[in-house]
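Enquirer: Sharing a sequence plus its predicted fold:
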Amino acid sequence: MLSAKEIRESFKSFFASKGHRIVPSAPMVVKGDPTLMFTNAGMNQFKDIILGNVPAASPRVADSQKCLRVSGKHNDLEEVGHDTYHHTMFEMLGNWSFGDYFKREAIQWAWEYLADTLHLDPGRLYATVFEGSPAEDLARDEEAAGYWAQYLPPGHILNGNRHDNFWEMGDTGPCGPCSEIHIDLRPESERAAVPGASLVNGGHPQVIEIWNLVFMQYNRRADRSLEPLPAHVIDTGMGFERLCMALQGKTSNYDTDVFQPLIQAIAQMTGVSCGADERKDVAMRVIADHIRTIAFSIADGQLPSNAGAGYVIRRILRRAVRYGYTFLDRREAFMYKLLPTLIGTMGDAYPELVAQQTLTGRVMKEEEDSFLHTLETGIRLLERETEEARAAGKRILSGVDAFTLYDTYGFPLDLTELILRENGMEVDLDGFREEMRKQKERARNAAAVEAGDWVVLKHGETQFVGYDVFECDAEILRYRQIRQKNRDFYQLVLDRTPFYAEMGGQVGDCGRLVSESGAVGIVDTRRENNLPVHLTESLPADVTAPFTAQVDVGRRIRSECNHTGTHLLHEALREVLGAHVEQKGSYVSPDILRFDFSHFRKMTNDELRQVERLVNERIRADLPIDEYRSLPIARAREMGAMALFGEKYGDEVRVVRFGSSIELCGGTHIPSTGQIGLFSILSESSTAAGIRRIEAVTAGGAEDYLYSLQDTIRELHELMNYVPNLAQTIRKAVEENAELKKQLTVYMKEKTAQLKAKLLAKAENRNGVKVIRYRGEGNTEMIRDLAFQVKGEVSGKICFVAGVEDRGKCLLMVMLSEELVASGLNAAELVKAAARHIRGGGGGQPHFATAGGKYPDGLTAAVETVLDMAGLK
């Protein structure tokens, strides 16, 4: 029996023998394609070739491509683990021809590989061909059917409809008929009873598609008509896991050696026996599937986060953790421990798993730990909500409660649904969606802008001159009034502007627009639909006048110092921490710079100091800016320029260089690093698993920060009488204070014990109830602790009531035994009624309640009122 590794290599070797160039898998995480977050088919990396945008380096290629289908059109997540063949991450074996061979060779080689090389039983194979579409004047694919007739009997060549057998890249573009190859893996007895042909594309778990041969021969135009492609394309894709199932004689993908090493490792780790409990088997299958997705995504550079592709990965990881928590009793992070097993099965084919093992393991563990905490909190809250709903005779959790779990505690809706289903309940999805709609509406209203129509004075485009000057002559091209947060503003568009419009993390400029009739302030500059707009609180007296646009130079220079500081910081972080550091976001203002980057742990003080030193060294070196405008992006990459997170680049880019720091950047910068003067890190923290954030200041901001530290140290020296070793003296004072607190705690416990004994000795028995009262001064926390001690130590019916004066404040406290509560007394009602005597209010639970007030002289009357209302006076 062939192993999974041998099957993968046999495919590559077979097509290499047919003149195909074997190419590596593209990353599973897609960068640079706004239509895709993840590679969901083998053809994704050849999209530009198929569309004719770039020439093919080789007319024939083949590969094994890692793919992910979990969201959008291919949403298989909920089936994963519950059936035998759905997965999130899977491998697609494929071969392609770009204008070379076509249907004959594609079908011939597919048959040769399956029947002759792998020795699959030909009698179990079926092929579908496109049946045609009269509406589009498309005939049956007789050409493909004719080639299949050389290998299969007529009963095994089946017609397929447009949905299954006509493949399209999108609404427009290359398309064509396809042939699916299906295999019937049922036992002989079932095959004899029910023909396999009747089950093809019928959803039977043992009659499945394993290979799809796509024959791209048309181009779909925008008017939906078809025209012949000038060059035919072959695009095939075979499910690797399904092929392994067929070859290894299994009835489930999870029983193959693709997944079994992982499942056995999970079973050993958890002490669970495979096959003993279906729910636990599902959990192990879910985890075995999901760890592949998580590990490959992180290795390809996509860390879990709260948005976009990162959220998809976080959701998959949390689903796996949830199954481990609920069904396998996993209360600590465990999936990261499976990485060596995964690498043992797939590391040879995908070396990035080995290269990124350390990073992947650390990110996974941190994400697991974080969600386990969320999970425990959310499950406790959900259990409470479920119990209350059941007590009220309800089988539906309200949408409000589900949304609170989601919005406040980060508990995913799909997990809420899953837990409720297991308890015979469901969630009010309409109510949840309504709460989500309200939240989005609130967010929209907070950011809502009422805009008037543009008043066009002149036609033209804005020319930005702010890289070179701080002021220039300008005219208003158009303007309009807007209303935001109940304030009126005006947006102005100029023909020339030195004002930088907010973009790429750098805030927009402020300044003035000056004319002979006066000046108006520019309070912000923003970019709307790629249009730089200048925000003012009033219109110029004459909007048609010539103006001088003047940037607030000091503010701009402070922003430029901070922006250049981020470039130097980025380079220093990569030198100190490693090349895995990648910018994940930034914020640059006149006052501060904030830099988010990928890194798997908290930076040490020594690392922070090294980074700070490197940045300041480059500041002292006074490196001049080396700027390239309108540089072809290919040339920029040849120079080693780093493309930054969240930026979209065109064919031509701007490159900013300071020494060895080279980045693609559209922002403004200081002419040379020496003008920054000083760089100081304020803080380093975590914003998400695997994402760190540094906040820092430069120039005058760094000086002010150092001055504040000096002032603090000076004040501490004065406070400590100028001792020679300040740190040691403060440490000693802190230790002495901690020791005194311990001694005070012991003293308070002794006082509490003495007071408790005194009060118990004075306890009165009234109507079968032991009444314990206290009226006097004391520490409210001590009296509260005393009340709970009494309740725990004294059996029978107890009423504890105290009126306490504590440093000018007064507190009324009532504690009732469970027997008194069961008889109808309520501590909360008692203190509410008695609180009027101390001119205050309060409340609590039936067995314990408190009230605070401002009139200590009324405490005695309050205590008496409590006893009177309780019938114990």
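Expert: Structure's in. What do you need?
Enquirer: and the helix or strand R322 falls within, which residues are buried?
Expert: Following DSSP states H and E, one finds R322 within helix 308-327. For helix 308-327, the buried set under the neighbour-count rule, 16 or more other C-beta atoms under 10 Å, comprises 309-310, 312-327. Every C-beta, even on glycine, is put in place using the N, C-alpha and C of the backbone.
Enquirer: Distance of the most centrally placed residue in the chain relative to R692?
Expert: A centroid search over the chain (C-alpha atoms, centre = their mean) returns S305, at 2.0 Å, as the residue closest to the centre. As judged by C-beta to C-beta, to the nearest Å, S305 and R692 stand 13 Å apart.
Enquirer: repeat for G521
Expert: Taken as C-beta to C-beta, the span from G521 to R692 is 38 Å.
Enquirer: what about the two, which has more around it?
Expert: Per other C-beta atoms under 10 Å, whichever of G521 and R692 has more neighbours is R692, with 22 against 13.
Enquirer: who's in contact with that one?
Expert: Residues near R692 by C-beta atoms under 8 Å, 6 or more residues apart in numbering: D596, F597, S598, H599, K602, M603, E684, S685, S686.
Enquirer: pLDDT (mean, whole number) over stretch 654-668?
Expert: The average pLDDT for stretch 654-668 rounds to 93.
Enquirer: Am I right that F215 is in a strand?
Expert: Yes - under DSSP: H, G, I helix; E, B strand; the rest coil, F215 sits within a strand.
Enquirer: which residues pair with it across the strands?
Expert: For F215, the beta-bridge partners under DSSP bridges are I234.
Enquirer: Which residues are in contact with it?
Expert: F102, K103, A106, D141, A144, G176, P177, C178, S179, H232, I234.
Enquirer: can you do 6 Å?
Expert: For F215, the contacting residues are K103, G176, P177, by C-beta atoms under 6 Å, 6 or more residues apart in numbering.
Enquirer: now it: how far from L93?
Expert: 18 Å.
Enquirer: who wins for neighbours among the contacts of R692?
Expert: Most neighbours among the contacts of R692, by other C-beta under 10 Å: H599, with 25 neighbours.
Enquirer: so what's it up against?
Expert: Per C-beta under 6 Å, 6+ apart, neighbours of H599: L577, V581, R692.
Enquirer: Mind doing that once more with 8 Å?
Expert: By C-beta under 8 Å, 6+ apart, the neighbours of H599 are L573, L577, H580, V581, G690, I691, R692.
Enquirer: Farthest pair within those?
Expert: L573 and G690 (14.2 Å; C-beta to C-beta).
Enquirer: Okay, strands next: where are they in the stretch 501-650 of the chain?
Expert: 511-515, 518-528, 531-536, 547-551, 583-588, 593-598, 626-632 (DSSP state E, counting those that start in this stretch).
Enquirer: Same question for the stretch 51-200 of the chain.
Expert: According to DSSP E, counting those that start in this stretch, the strands that the stretch 51-200 of the chain contains are 60-68, 89-98, 125-130, 157-160, 166-168, 173-184.
Enquirer: Show me what counts as buried in the host helix or strand of N737.
Expert: Here N737, judged by DSSP H and E, is contained in helix 726-761. Buried positions in helix 726-761, judged by neighbour count with 16+ other C-beta under 10 Å: T729, T752, L755, K756, L759.
Enquirer: could you say what helices and strands it packs with?
Expert: helix 699-719, strand 769-777, helix 780-793 (3 or more C-beta pairs under 8 Å, 6 or more residues apart in numbering; DSSP states H and E).
Enquirer: quick one: which of the ones you listed is nearest E607?
Expert: Closest to E607 of those, according to C-beta to C-beta: helix 699-719, at 19.2 Å.
Enquirer: So what touches that closest one?
Expert: Helix 699-719 has contacts (C-beta under 8 Å, 6+ apart) with 557-558, 561-562, 591-592, 675-680, 682, 696-697, 723, 726, 730.
Enquirer: now, which of those residues lie within helices?
Expert: Using DSSP state H, the subset of those located in helices is I557, R558, C561, N562, L726, I730.
Enquirer: and which of these is nearest to N201?
Expert: Minimum distance to N201 across the ones in helices among the contacts of helix 699-719 is 59.8 Å, recorded for N562 (C-beta to C-beta).
Enquirer: List the contacts of that closest one.
Expert: Counting by C-beta under 8 Å, 6+ apart, the residues that N562 touches are V588, S589, P590, I592, L593, A696, V697, T698, G701.
Enquirer: please redo it, this time with the cut-off set to 7 Å
Expert: Listed by C-beta atoms under 7 Å, 6 or more residues apart in numbering, the contact set of N562 reads V588, S589, I592, L593, T698.
Enquirer: Check T860 too.
Expert: R775, G803.
Enquirer: ok, residues contacting stretch 611-620?
Expert: Against stretch 611-620 from outside (C-beta under 7 Å, 6+ apart): 565, 568-569, 572-573, 575-576, 659, 673-674, 676-681.
Enquirer: so F489 bridges to which residues?
Expert: I482.
Enquirer: where are the low-confidence patches of the stretch 101-250 of the chain?
Expert: 222 (pLDDT under 70).
Enquirer: Buried only: go through the contacts of stretch 611-620 for me.
Expert: Neighbour-count burial (16+ other C-beta under 10 Å) applied to the contacts of stretch 611-620 gives 565, 568-569, 572-573, 576, 673, 676-681.
Enquirer: and after the worst-scoring helix or strand of the chain on mean pLDDT, which helix or strand comes next?
Expert: In the chain, no helix or strand scores lower on mean pLDDT, DSSP states H and E than strand 449-451, which sits at a mean of 68. Downstream of strand 449-451, the next assigned helix or strand under DSSP H and E is strand 455-456.
Enquirer: That following strand packs against which elements?
Expert: strand 476-484 (3 or more C-beta pairs under 7 Å, 6 or more residues apart in numbering; DSSP states H and E).
Enquirer: angle of the strand it packs on against strand 531-536?
Expert: Interaxial angle of strand 476-484 relative to strand 531-536 (axes from the mean of the first three to the mean of the last three C-alpha atoms, to 10 degrees): 70 degrees.
Enquirer: in strand 476-484, what's buried?
Expert: Those would be I476, L477, R478, Y479, R480, for strand 476-484 by 16+ other C-beta under 10 Å.
Enquirer: Adding distance to A355 and pLDDT, write those residues out as JSON lines.
Expert: Listed next are those as JSON lines, based on distance: C-beta to C-beta, whole Å; pLDDT from 0 to 100:
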{"residue": "I476", "distance to A355": "56", "pLDDT": "95"}
{"residue": "L477", "distance to A355": "53", "pLDDT": "92"}
{"residue": "R478", "distance to A355": "53", "pLDDT": "90"}
{"residue": "Y479", "distance to A355": "55", "pLDDT": "92"}
{"residue": "R480", "distance to A355": "53", "pLDDT": "88"}
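Enquirer: Which of those residues sits closest to M436?
Expert: Distances from M436 to the buried residues of strand 476-484, taken by C-beta to C-beta, are shortest for R480, at 32.6 Å.
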